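Asks: just the structure for this:
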Amino acid sequence: MDLNKLTLGDKIMGASGILLLIFSFFPWLGFSYGPISTSGSAWKFTLCWLAVVLGVACVVYVVLKMREVSLPELGSVKWGHIILGIAIASFVFILIKVIVGPGTGGVDLSGSGVSKERKIGIFLGLLSSAGLVVGAFLNSKEAGELPGGLGGSKDGGATPPTA
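Replies: All right, here's what the predicted structure looks like:
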């Protein structure tokens, strides 16, 4: 396995996906009531674990690319588009959980002294998923698969970029 075969975008995406997997075991969200506090990792919240699985899928793509596995042609859709969409979905899922916070199971907690908390893991996960998006964007840009408005070729990647 030769890391020199990878582009900068691939390296960023691979490192970010691995970090997202590691950070998924940190505390992400929790509750506290007086002296009692509890928290859960990404694996206890549906959107969070979906985001981690999507991040791992990006790492698998990078490993396949590093091993020079030829992926099937998908017609007008490029693999860079799919990976960029997966990375964006991972980021959005975590961002939603950062904004909304942990669920309460339909219980009204107003005035009860119970507070919902966002822990360090969710913020590290959000940064890692942002790295996935940056890496996937750079990967698509380097492959010439982005539309002209996003910094790619004018024909949306139909012709290879020139050096």
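
Asks: could you say what helices and strands the lowest-mean-pLDDT helix or strand in the chain packs with?
Replies: Lowest mean confidence among the helices and strands of the chain (mean pLDDT, DSSP states H and E): strand 114-118, at a mean of 79. Here strand 114-118 touches strand 29-33, going by 3 or more Cβ pairs under 8 Å, 6 or more residues apart in numbering; DSSP states H and E. C-beta coordinates here come from the backbone N, C-alpha and C atoms, glycine included.

Asks: quick check: angle from the strand it packs on to strand 114-118?
Replies: In terms of direction (axes from the mean of the first three to the mean of the last three Cα atoms, to 10 degrees), strand 29-33 departs from strand 114-118 by 150 degrees.

Asks: numbering from 33 from now on, please.
Replies: From this message on, residue numbering opens at 33, which makes the last subject strand 61-65.

Asks: if we can go back for a sec, after the least confident helix or strand of the chain comes which helix or strand?
Replies: helix 152-174 (DSSP states H and E).

Asks: centre of the chain to that following helix, how far?
Replies: In this view, helix 152-174 has its centroid 6 Å away from the chain centroid, taken as Cα atoms, centre = their mean, to the nearest Å.
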